[in-house]
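Enquirer: after the sequence you'll find the predicted model.
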Amino acid sequence: MALVIAGERSGVGKTTVTLTLLASLRRRDRLVQSFKVGPDYIDPMFHQHVTGRACRNLDPVLTSESYIQQCFARHSQLSEYALVEGVMGLFDGVSSFVKNKGQMTNDKGQITDFASTAHIARLLDLPVVLVIDCSRLSGSVAAIAHGYRSFDPRIKIAGVVLNRVGSDRHLSLLKDSLEPLQLPILGVLRRQDNITIPDRHLGLVPTAELPELNALIDRLADLGDTCFDWQRLLPLLKSEPLPSPSSSPPFPSSPVKIAVARDRAFNFYYQDNLDLLQQLGAELLFWSPLEDADIPKDIQGMYFGGGFPEVFAQQLAENTSARDAVKTAILKGITTIAECGGLMYLCEQIVDFEGKSWPMAGVLPTSAVMGGRLTLGYRRAVALQDNLLVKTGTTVYGHEFHRSHLTSTSTQPLFATSRYDCDENMGYEGWGLPANVHASYVHLHWGESVEIPQQFLKECLKVASLKAEIIETEFRCQEPEWAKL
């Protein structure tokens, strides 16, 4: 058993409730494994900060239904308790054609809540706690709770958490309204003025930028000690993992050193991607384009994840030695993946929200310009050419989330993209020139596509082999004539 924390819509306080539960459990020295529904990077950072364990993303668009079951079983069995934070409202998902019957489908034969919190709860057969924002309602809370409990009989609503309750009188009205439903109230959170997690243009501010975060987590733990019905919650949270399906481990390759950019500017990585690289034999060398003067030595590959390079554009620009080192390495043939923020770093410059231009690595002949328009959504991407990760014609599924655009597009783009849930054309995307670079706005999760990191490491090994041949040639040229006999 484990528990899913769901909201009746976005913004009701799912993350606050989740962190409060996690903080209180950790204060009790409990081992707890968290999961996050959807293609989220920032919420998992907060989970990991509290639990000390990497949060795992559960997303059937980016991976598959079977992968979600395997991932949950594999990681939940290593802890006492398991908790899944949902995404948006409980039934908010995308449309997707499915082969199996019994799903909630529309007249086109599409499942209408694919990748939703409800979808994940059904896949894992987990009970749901519904978080309701009570700040602007009283008696209507019963209609909301009843509607969510009855909408899909396959979803077991274990109870509700009433968030942003204003007063004792307010709470009394809410309880009276819910009483006929006999639906347990598992928690009551009053309006909190001293518990606020700051946000900005792409969501919450990441953990590395919050110096007061530990104090905030302590306040959440204090709140959690008193606001939840722990006698009812703990049995629901107790981890009883699903049988882990048998699967062959990834085929290990020769050791490859990969420089992974990870600091306040670059921190959007799926932990499963990093794990796969290590399982395949890679040695991950973490470094900071903000702080370090040079890239790690003797590497065969580089990996730049997403993040907020626009927020730290001046500091990135001022670290000229790091920028030069990255450009030199790429021009020498070092195999490089750059996703979203990483792509922006490889551009000639970043133009921030104030219109100021900051020089970047200068590998790609284009600039990244920040703007008000948000590009957001799942993508179906078909490879237009053989590249570092996939062959021509291969379809991959990813996610875009950014407020920047490029001043020019590649003459040889990597992908033709469309929305995941329909055939709407989203244009050509990605840079594959130089040939040792894969730069794209599309974030990929490799969990169901082990061939992607395998291909990446094979390309890295080509660089290592070439270097070895050059060194051997130079050495033999320096040998005395008698040694060549």
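Expert: Ah, there it is.

Enquirer: can you give me the strands in the stretch 101-250 of the chain?
Expert: 110-114, 128-133, 157-165, 185-190, 199-200, 203-204 (DSSP state E, counting those that start in this stretch).

Enquirer: tell me which strands the longest strand along the chain pairs with, and in which orientation.
Expert: Looking across the chain with DSSP state E, the single longest strand is strand 364-383. Applying DSSP bridges, strand 364-383 is found paired with strand 347-351 (parallel), strand 395-406 (antiparallel), strand 415-419 (antiparallel).

Enquirer: what comes up buried for the longest one?
Expert: Judged by neighbour count (16 or more other C-beta atoms under 10 Å), strand 395-406 contains these buried residues: Val396, Tyr397, Gly398, His399, Glu400, Phe401, His402, Arg403, Ser404, Leu406. Bear in mind the C-beta positions are built from the backbone N, C-alpha and C, glycine included.

Enquirer: ok, stretch 362-378 next?
Expert: Residues Val363, Leu364, Thr366, Ser367, Ala368, Val369, Met370, Tyr378 are the ones in stretch 362-378 that count as buried (16+ other C-beta under 10 Å).

Enquirer: what's near enough to touch the nearest residue to the first one once chain neighbours are set aside?
Expert: The spatial neighbour of Val363 that comes closest, neighbours along the chain excluded (C-beta to C-beta, 6 or more residues apart in numbering), is Leu346 at 4.3 Å. The contact partners of Leu346, taken as C-beta atoms under 8 Å, 6 or more residues apart in numbering, are 304, 326, 330, 336, 338, 360-364, 431, 437, 439.

Enquirer: ok, Val4 next?
Expert: With contacts defined as C-beta under 8 Å, 6+ apart, Val4 is in contact with Val84, Gly86, Thr117, Ile120, Ala121, Leu124, Leu126, Pro127, Val128, Val129.

Enquirer: surely the fifth one touches Ala2?
Expert: No - in this structure, Ala121 is not within contact of Ala2 by C-beta atoms under 8 Å, at 10.1 Å.

Enquirer: overlap in contacts, those two.
Expert: Common neighbours of Ala121 and Ala2 (criterion: C-beta under 8 Å, 6+ apart): Val84.

Enquirer: ok, which of the strands paired with strand 364-383 comes nearest Leu234?
Expert: Nearest to Leu234, of all the strands paired with strand 364-383, is strand 395-406, at 34.4 Å by C-beta to C-beta.

Enquirer: pull the CA atoms of the closest one into PDB?
Expert: This file holds the C-alpha atoms of strand 395-406, laid out as PDB (Å, rounded to 0.1, in the frame of the first residue of the first chain):
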ATOM      1  CA  THR A 395       9.600   8.500 -32.900                       C
ATOM      2  CA  VAL A 396      10.300   9.700 -29.300                       C
ATOM      3  CA  TYR A 397       8.000  11.300 -26.800                       C
ATOM      4  CA  GLY A 398       9.100  14.200 -24.800                       C
ATOM      5  CA  HIS A 399       8.000  17.400 -23.100                       C
ATOM      6  CA  GLU A 400       8.600  21.100 -23.600                       C
ATOM      7  CA  PHE A 401       8.500  23.800 -20.900                       C
ATOM      8  CA  HIS A 402      10.200  27.200 -21.600                       C
ATOM      9  CA  ARG A 403       9.700  30.900 -22.100                       C
ATOM     10  CA  SER A 404      12.500  31.400 -24.600                       C
ATOM     11  CA  HIS A 405      12.700  31.200 -28.300                       C
ATOM     12  CA  LEU A 406      15.600  31.000 -30.800                       C
END
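
Enquirer: ok so, going back, winner for burial among the strands of the stretch 101-250 of the chain?
Expert: Among the strands of the stretch 101-250 of the chain, strand 128-133 has the highest mean neighbour count (mean count of other C-beta atoms under 10 Å), at a mean of 26.

Enquirer: who wins for proximity to Arg26 among the strands of the stretch 101-250 of the chain?
Expert: Nearest of the strands of the stretch 101-250 of the chain to Arg26, taken as C-beta to C-beta: strand 185-190 at 17.1 Å.

Enquirer: mean confidence (pLDDT) on the closest one, please.
Expert: Strand 185-190 carries an average pLDDT of 97.

Enquirer: same thing with stretch 266-277?
Expert: 98.

Enquirer: so which bits of that stretch are buried?
Expert: Neighbour-count burial for stretch 266-277 flags Phe266, Asn267, Phe268, Tyr269, Tyr270, Asp272, Asn273, Leu274, Asp275, Leu276, Leu277 (criterion: 16+ other C-beta under 10 Å).

Enquirer: repeat for stretch 221-238
Expert: For stretch 221-238, a neighbour-count test (16+ other C-beta under 10 Å) marks Ala221, Leu223, Gly224, Cys227, Phe228, Trp230, Leu233, Leu234, Leu236, Leu237 as buried.

Enquirer: now the residue nearest to the first one when sequence neighbours are not counted: how far from Phe91?
Expert: Leaving out its chain neighbours, the residue that sits closest to Ala221 by C-beta to C-beta, 6+ apart is Ala23, at 3.9 Å. Plainly put, Ala23 is 28 Å away from Phe91 if you go by C-beta to C-beta, to the nearest Å.

Enquirer: tell me which of these two has more neighbours.
Expert: Ala23 (23 against 18; other C-beta atoms under 10 Å).

Enquirer: hang on, the earlier thing: with pLDDT and distance to Val382 added, can I get the buried residues of stretch 221-238 in CSV?
Expert: Shown next, in CSV, are the buried residues of stretch 221-238 (pLDDT from 0 to 100; distance: C-beta to C-beta, whole Å):
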residue, pLDDT, distance to Val382
Ala221, 96, 48
Leu223, 95, 48
Gly224, 95, 46
Cys227, 96, 49
Phe228, 97, 47
Trp230, 97, 50
Leu233, 96, 46
Leu234, 95, 48
Leu236, 94, 43
Leu237, 94, 42
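
Enquirer: dump the C-alpha coordinates for stretch 359-370 into PDB.
Expert: Taking C-alpha atoms only, stretch 359-370 is exported to PDB below (Å, rounded to 0.1, in the frame of the first residue of the first chain):
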ATOM      1  CA  PRO A 359      27.500  35.800 -24.300                       C
ATOM      2  CA  MET A 360      27.300  32.000 -24.000                       C
ATOM      3  CA  ALA A 361      29.400  29.100 -25.300                       C
ATOM      4  CA  GLY A 362      28.800  30.100 -29.000                       C
ATOM      5  CA  VAL A 363      28.500  26.600 -30.400                       C
ATOM      6  CA  LEU A 364      25.100  27.100 -32.000                       C
ATOM      7  CA  PRO A 365      24.700  30.000 -34.500                       C
ATOM      8  CA  THR A 366      21.600  31.400 -32.800                       C
ATOM      9  CA  SER A 367      20.500  33.300 -29.700                       C
ATOM     10  CA  ALA A 368      18.000  32.400 -27.000                       C
ATOM     11  CA  VAL A 369      15.600  35.300 -26.300                       C
ATOM     12  CA  MET A 370      13.400  35.300 -23.200                       C
END
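
Enquirer: that older thread, which one of the buried residues of stretch 362-378 sits closest to Arg200?
Expert: Closest to Arg200, out of all of these and judged by C-beta to C-beta, is Met370, at 11.8 Å.

Enquirer: in this structure the closest one contacts Val351, no?
Expert: Yes - shown here, Met370 and Val351 form a contact pair, counting by C-beta under 8 Å, at 6.3 Å.
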